[in-house]
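Student: I would like the atomic coordinates for the input below:
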Amino acid sequence: MLNRTRWRCGALILLALAFGPPALAASGDSPAAGWIPPKLGTETPTDSPFSIAGRPVRQYVIGATTSIGPGFRDSGGPGITVRPLVALEVGRLTVSTGGGGSLLSFGNVDDPKERRGASLSLVQETDLRVSLGLRVSSGRDPDEINGVEQLPGVKRTVLGRISLSFSLPGEWSGVIGFNQDILGNGQGLTVSFGLGRVWWLNETTQMQLGAGLVWADKEHMDTMYGVNSVVAATVGLPAYAPKGSAREISAGVGITHALTRRWIGFASLTATALMASAANSPITQRTVLPSIRFGFAYRCCN
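Tutor: Numbers count the residues shown, from 1 in each chain. A predicted model of the protein is given here:
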């Protein structure tokens with residue numbers, strides 16, 4: 001398993017070198033499916049990672065976001081989570097958490113990007129963008145599953161990510177992302193696919209529509225949804241060895257509104273459904289997850 005992880009890490013590095021120089025940075029939580037891809041911009045890359053088309057770009061977003069919804073492994077009612085929302089952009093280098101990266105380019109039709117975690121844009125063309133990044137993936141607490149005691153937890157880990165964003169006909173856009181656990185904590189490889197479109201309802205209000213699919217390899221599925229025979233005998237669940245498969249599919253709609261020149265409000269509604277091996281796992285107590293997210297943020301200064 002260690003050799004397989006090293007091989008995948010090597011493949012990610014080779015792909016990154018093929019498109020441009022690598023970069024190291026901190027990261028935020030890894031997103032699930034349901035990302036709403038923005039329309040690609042038209043900026044021209046330069047030799048410096050701290051400028052776009054020869055123009056220095058430095059801006060930040062700070063705010064808070066509230067999420068309401070249940071968990072897949074939670075048999076209780078909807079939970080409420082309040083998180084900080086922060087993003088910093090310096091040229092083609094972006095660091096963000098809490099979804100703040102998606103607000104950096106709101107209102108600038110020439111510069112919308114996918115910005116999640118920490119990333120460096122390696123290729124920035126009119127119809128194609130290639131980015132290399134790092135993200136922190138959430139694990140699983142030992143007591144996260146209601147009614148099941150002594151189930152081992154899963155460590156948080158760092159994911160190396162390569163993403164390709166591209167334009168599609170009819171103002172649609174898409175993204176493909178490859179995420180590999182580079183610390184060997186069992187979260188394996190996932191591949192995400194996203195499709196979406198943006199509409200401007202007026203000069204200050206934007207609506208986003210999107211859908212996503214996530215595929216996960218056997219290592220990831222076994223860590224997050226499997227139950228080995230030793231654990232099964234301890235926790236009272238049947239042994240379960242899932243295969244690599246499509247993990248989840250999701251769809252969502254969102255609204256972003258400029259309250260003032262600097263203040264932004266946003267809200268979204270997303271539904272995510274587990275599929276195949278993930279849905280059939282004995283530790284899965286809910287296969288469909290609706291969620292509401294809303295918040296406010298302050299953006300400054302380019």
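Student: Pairing partners for Gly160 in the sheet, please.
Tutor: According to DSSP bridges, the residues that bridge with Gly160 are Leu134, Gln180.
Student: wait, it sits on Leu134?
Tutor: Yes: between Gly160 and Leu134 a contact is recorded at 6.2 Å, counting by Cβ atoms under 8 Å. Just so you know, the C-beta spots here come from the backbone N, C-alpha and C atoms, and that holds for glycine as well.
Student: how about the strands in the chain?
Tutor: 51-52, 55-56, 58-69, 79-90, 93-97, 118-124, 128-137, 157-167, 172-181, 189-200, 205-216, 245-258, 263-274, 288-300 (DSSP state E).
Student: Return the helix or strand in this structure with minimum mean pLDDT.
Tutor: Ranked by mean pLDDT, DSSP states H and E, the helix or strand of the chain with the weakest confidence is strand 51-52, at a mean of 39.
Student: isn't Arg299 right up against Ile264?
Tutor: Yes: between Arg299 and Ile264 a contact is recorded at 6.1 Å, counting by Cβ under 8 Å.
Student: intersection of neighbour lists for these two?
Tutor: Residues touching both Arg299 and Ile264 (Cβ atoms under 8 Å, 6 or more residues apart in numbering): 61, 103, 106.
Student: And stretch 286-298, what's buried?
Tutor: Applying a neighbour-count criterion of 16 or more other Cβ atoms under 10 Å, one finds 289, 291, 293-295, 297 buried in stretch 286-298.
Student: Turn those into TSV, columns for pLDDT.
Tutor: Shown next, in TSV, are the buried residues of stretch 286-298 (pLDDT from 0 to 100):
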residue	pLDDT
Leu289	87
Ser291	92
Arg293	93
Phe294	94
Gly295	94
Ala297	93
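Student: Let me know the closest of those residues to Ser192.
Tutor: Nearest to Ser192 among the buried residues of stretch 286-298 is Leu289, at 16.3 Å by Cβ to Cβ.
Student: how far away is that closest one from Pro70?
Tutor: 6 Å (Cβ to Cβ, to the nearest Å).
Student: for His220, same thing?
Tutor: Distance from His220 to Pro70, by Cβ to Cβ: 22 Å.
Student: Compare neighbour counts for the two and give me the winner.
Tutor: Taking other Cβ atoms under 10 Å, His220 and Pro70 do not tie; His220 has more neighbours (25 against 17).
Student: quick one, phi/psi of the closest residue to the more buried one other than its chain neighbours?
Tutor: Among residues not flanking His220 along the chain, Gly188 sits closest, at 3.5 Å (Cβ to Cβ, 6 or more residues apart in numbering). Note on Gly188: backbone dihedrals following degrees, to the nearest 10 are phi 60, psi -140.
Student: Could you do Ile283 as well?
Tutor: Residue torsions, per degrees, to the nearest 10, at Ile283 are phi -90, psi 0.
Student: ok, it - how many residues close by?
Tutor: 20.
Student: What of Pro238?
Tutor: Residues near Pro238, counting by other Cβ under 10 Å: 8.
Student: May I see the buried residues of stretch 238-254?
Tutor: Buried residues in stretch 238-254, counting neighbours by 16+ other Cβ under 10 Å, are found at 240, 242, 244-252, 254.
Student: Surely Asp222 touches Gly244?
Tutor: No: between Asp222 and Gly244 there is no contact under Cβ under 8 Å: 9.0 Å.
Student: Please give me every residue in contact with the residue lying closest to Leu168 once chain neighbours are set aside.
Tutor: Nearest in space to Leu168, with sequence neighbours left out and distances taken as Cβ to Cβ, 6+ apart, is Gly174 at 5.7 Å. Gly174 makes contact with 37, 165-166, 168, 193-196, according to Cβ under 8 Å, 6+ apart.
Student: Report the separation between Ser268 and Leu195.
Tutor: Relative to Leu195, Ser268 is positioned 16 Å away (Cβ to Cβ).
Student: cool, Leu104 as well?
Tutor: 22 Å.
Student: coming back round to it: closest to Met275 among the buried residues of stretch 238-254?
Tutor: For these, the nearest to Met275 is Ala246 (4.7 Å; Cβ to Cβ).
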